[in-house]
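# Mind looking at a prediction? Sequence and model below.
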Amino acid sequence: MATLGLIFSNIHDKEIFEVTKKRTIASAPIGGRYRLIDFTLSNMVNNGISHIGVVTKNNYQSLMDHVGSGKEWDLARKNGGLVILPPYGASQDLYNSRLEALKSIINFIKFSHADYIVLADCYQVCNIDYKPIFEQHFETKADITCVYRESNITADDYSPVVMLDVNEDKRIVGMDIQKSFLGKAKVSIDTWIIKKELLQTLVEDAIARNLKSFNRDILRENLNHLKICGYPFRGFFGNISSLKSIFQVNMSLLKADIRNELFNIPNRAIYTKVRDSAPTKYGVNAKIVNSLIADGCIINGRVENSVIFRGCHVNSGAVVKNSILMQGTLISEDSHLDYVVTDKNVKIIHEKQMQGNLKKLLYVEKDGVR
């Protein structure tokens, strides 16, 4: 059974926040050495999907730099492998929805040799096994299987919120789409399994009828005509849609049980671009408390409850607490940072005290100097 993976690197303009102003959400840094797309790519590769298309929209230069030929994911192949799908199509305007993105790549879908297609987004941090989802898909003889999670939705979660009503036979009998929702619900994680011919037919029909939304116009309108089933995902799920959520997901990785669930499952590794950096060097006065520190760093100060990405320098007398320092950040002597998020190649050399809090994080943009 040949399977094609389609990954949407950035769909909603609403999700453009500080970290994603100059990059797609797919290439947003996470966990010291990863990008968000690493999780979706690795999940597909670990389940034997070797032909994957990454649907881009804009600001995808850093994404292309990161994934390259797909070598780190064993996708640098003559047949299949990794394909970057830029925003092209009949319209000159950039698409604004998942369905419009599918319209723009209908020929790629049509000429693929896949039997089934897995559709997934990139705002999610999770390690998901597609095998039991396919098993349920075949057992229930579903036309489409939608993966969902049951959780308490907060204002920081991804929106719009697609809430599902799933009966005892695992069939989705209702779908409610709200721009904002607070409370407990069964929420789609924007991951689907569908037969290639069916997806092609639905997209071509959407082109003819000028439909816009995959969830509203394809799924909800066909609940009575197609057998659409739900599969519950019960593992850890990090939902990235804001600066606060990217901070919280990074902080959750300081918990050993969450790290083990994401990164230590046999045969389900999360792969990323290899940098071949030198090991991190710790000075005699360095003190590290409950932190993740990637390779290539030089730490001579105090780091507490923080995530430090590759190539960062924390000089003597500096204190970094409850913060995220992305790649190449330099913290000068005697600086104190608390609840600060720095983007790549930031230098903190003038501002010695930076104090934020969980409700109001301090953010320093890429290449910024403070």
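Yes, it's here. Small disclaimer: the values here were computed from a predicted structure and weren't measured.
# measure Leu75 to Ser180 for me?
Applying C-beta to C-beta, to the nearest Å, the value for Leu75 to Ser180 is 37 Å. Any C-beta I mention is one placed from the backbone N, CA and C, and that applies to glycine too.
# now swap in Phe111 and tell me
Distance from Phe111 to Ser180, by C-beta to C-beta: 40 Å.
# In terms of neighbours, single out the busier of those two.
Neighbour totals were compared for Phe111 and Ser180, and Ser180 leads with 10 against 7 (other C-beta atoms under 10 Å).
# residue contacts, Ile348?
Thr329, Leu330, Ile331, Ser332, Ser335, Leu337, Thr342, Met354, Val364, Arg370 (C-beta atoms under 8 Å, 6 or more residues apart in numbering).
# Count the residues that sit near the spatially closest residue to Ser69 that is not a sequence neighbour.
Nearest residue to Ser69, sequence neighbours excluded (C-beta to C-beta, 6 or more residues apart in numbering): Ala76, at 4.2 Å. Number of residues near Ala76 (other C-beta under 10 Å) recorded here: 12.
# for Ala76, helix, strand, or coil?
coil (DSSP: H, G, I helix; E, B strand; the rest coil).
# Surely it and Val67 touch.
No: Ala76 sits out of contact with Val67 when judged by C-beta atoms under 8 Å, with a separation of 10.3 Å.
# and Asn107, what element?
Under the criterion of DSSP states H and E, Asn107 resides in helix 106-110.
# Does that helix pack against any helices or strands, and if so which?
helix 196-209 (3 or more C-beta pairs under 8 Å, 6 or more residues apart in numbering; DSSP states H and E).
# C-terminal to the helix it packs on, what's the next element?
strand 228-232.
# okay, that next one in CSV with CA atoms only?
This file holds the C-alpha atoms of strand 228-232, laid out as CSV (Å, rounded to 0.1, in the frame of the first residue of the first chain):
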residue,chain,number,x,y,z
ILE,A,228,-16.0,10.0,8.4
CYS,A,229,-14.6,8.4,11.6
GLY,A,230,-12.5,9.8,14.5
TYR,A,231,-9.4,8.4,16.1
PRO,A,232,-8.5,9.6,19.6
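# Check the offset of that strand from the chain's centre.
21 Å (C-alpha atoms, centre = their mean, to the nearest Å).
# if we can go back for a sec, inside strands: which ones of the contacts of Ile348?
Among the contacts of Ile348, the residues falling in strands (DSSP state E) are Leu330, Ile331, Leu337, Thr342, Met354, Val364.
# Pick out the most distant pair among those.
Using C-beta to C-beta, the two most remote members of the ones in strands among the contacts of Ile348 are Leu330 and Met354, lying 13.6 Å apart.
# Quick check: His137 vs Asn224, distance?
His137 is 19 Å from Asn224, by C-beta to C-beta.
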